[in-house]
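Asker: Need coordinates for the below:
(one chain, ligands or ions: 1)
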Amino acid sequence: MAKLFEEFELKGVHFKNRIVMAPMCMYQSDKEDGHVTDWHRVHYPTRAVGGVGLIITEATAVQPIGRISSRDLGIWDDAHIDGQAEIVRLMKANGAKTGIQLAHAGRKATVDGDIQAPSAIAFNDQYKTPTAMTAEEIDETVQAFRDGAIRAKKAGFDVIEIHAAHGYLINQFLSPLTNKRTDEYGGSSENRYRLLRRILDEVNAVWSGPLFVRISAEDYADGGMSPGQYVEMTQWMKQQNVDLIDVSSGAVVPAKIPVYPGYQVNFAETIKKQTPIATGAVGLITEPRHAEEILQNGRADFIFLARELLRNPYWAYTAATELGADIEAPVPYERGWI
Ligand SMILES: Cc1cc2nc3c(=O)[nH]c(=O)nc-3n(C[C@H](O)[C@H](O)[C@H](O)COP(=O)(O)O)c2cc1C
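Answerer: Residues are numbered from 1 along each chain as shown. Take a look at the predicted model:
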């Protein structure tokens with residue numbers, strides 16, 4: 001049996017295979033109120049019909065000021081729960097486990113008004129210059145992640161992923177390139193980790209299901225973070241009840257990323273072996289045999305697919321055929337596979 005189709009369990013949640021749909025912003029909350037729309041009701045359940053084991057929905061803002069765009073999904077209000085619960089129900093009804101990525105864009109927010117970050121440094125001249133967060137604003141943000149986790153639980157999600165990658169708020173605190181604070185949130189790695197530590201503590205207080213963190217393991221810039229440096233932090237994450245590190249890279253500062261098939265897999269492998277902790281590999285993984293190689297060689301535990309699932313929502317069936325795995329198709333589709 002192909003490892004890609006081996007089952008996996010985390011904190012009592014059973015995953016039917018190792019295929020994860022990576023979070024992808026859809027920017028389809030067209031009334032700019034953070035609510036789920038018909039687009040989400042069709043897009044996500046389609047990937048469940050397509051045989052994906054775990055679908056992690058897009059970066060979902062815990063505060064309006066933390067939206068990447070005004071069309072992001074949100075979870076800052078109880079009014080968001082019903083819409084989220086509906087897509088969860090539709091994904092589960094079609095056989096997938098469900099995850100939500102709780103997010104705050106920090107200095108990469110493009111919403112109206114002031115934006116916030118650890119330090120008052122713009123990403124580049126296309127972005128606004130943020131204000132450096134006060135201690136009170138940090139407290140409010142930590143609380144917002146807690147409240148977001150409570151709402152995610154009420155909506156019925158199986159997994160929470162904290163977005164600490166791609167140069168968004170938490171990543172801005174973790175990296176010395178963007179965090180120039182002189183208080184208890186800046187300087188040493190312990191201090192730069194403090195925001196994430198507090199967020200994980202608060203999420204753990206209200207959430208007992210599988211907990212993932214997405215990191216950018218490599219900043220691709222002098223003086224920035226590297227996978228080796230992240231091992232210390234992922235060890236802290238593990239102590240804080242985190243089950244899996246979803247290992248991405250880049251985007252904390254404008255820097256060129258060398259991109260090729262599996263370009264981030266080595267980072268996932270380093271974190272997995274040195275922490276040790278379960279990891280997800282992501283980034284230009286499109287071929288079933290490549291996915292299988294990563295799992296068979298123990299380089300990661302889950303394969304996260306993003307763009308490939310935009311092109312082919314039924315990738316799991318293609319992969320099963322190629323790897324000789326016998327998987328169940330939805331009953332109405334069975335004749336397509338006989
Ligand atoms: C349309 C699109 C939206 C994305 N939105 C998110 C997001 O909301 N959160 C996130 O962590 N990564 C996001 N990403 C990054 C993907 O999750 C993934 O890490 C990246 O595309 C590399 O994987 P791939 O080569 O399989 O596409 C997005 C990527 C795409 C193409």
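
Asker: Which residues outside the longest helix seen in the chain are in contact with it?
Answerer: Taking DSSP state H as the criterion, the chain has its longest helix at helix 135-155. Here helix 135-155 makes contact (CB atoms under 8 Å, 6 or more residues apart in numbering) with 60, 62-63, 66, 75-76, 78, 80-81, 84-85, 88, 100, 102, 104, 116, 133, 160, 162, 169, 183, 185, 195, 198-199, 202-203, 205-207, 209. Where you see a C-beta, it was placed from the backbone N, CA and C, and this is true even at glycine.

Asker: so where is this protein shaky, pLDDT-wise?
Answerer: Applying pLDDT under 70 to the chain flags the ranges 338.

Asker: Close to the ligand: what parts of it are there?
Answerer: Within the chain, the positions adjacent to the ligand are 22-25, 58-59, 101, 163, 165-166, 214, 248, 282-285, 305-308 by CB under 6 Å from any ligand atom.

Asker: ok, now with 5 Å
Answerer: Ala22, Pro23, Met24, Cys25, Glu58, Ala59, Ser248, Val282, Gly283, Leu284, Ala306, Arg307 (CB under 5 Å from any ligand atom).

Asker: Test my guess that the third one contacts Leu310.
Answerer: Yes. Look at Met24 against Leu310 with CB atoms under 8 Å: they come within range, at 7.2 Å.

Asker: right, and the helix or strand after the helix or strand where Val231 lies?
Answerer: Assigned by DSSP states H and E, Val231 falls within helix 227-239. Sequence order places strand 244-248 as the next helix or strand after helix 227-239, per DSSP H and E.

Asker: Name the residues of that following strand that are buried.
Answerer: Within strand 244-248, the residues scored as buried using 16 or more other CB atoms under 10 Å are Leu244, Ile245, Asp246, Val247, Ser248.

Asker: Distance check, the closest residue to the fourth one other than its chain neighbours against Met26.
Answerer: Spelled out, it's Val247. Among residues not flanking Val247 along the chain, Ala268 sits closest, at 3.9 Å (CB to CB, 6 or more residues apart in numbering). Here Ala268 is placed at a distance of 25 Å from Met26 (CB to CB, to the nearest Å).

Asker: rewinding a little: quick one, which of Met24 and Leu310 is more surrounded?
Answerer: Met24 (17 against 12; other CB atoms under 10 Å).
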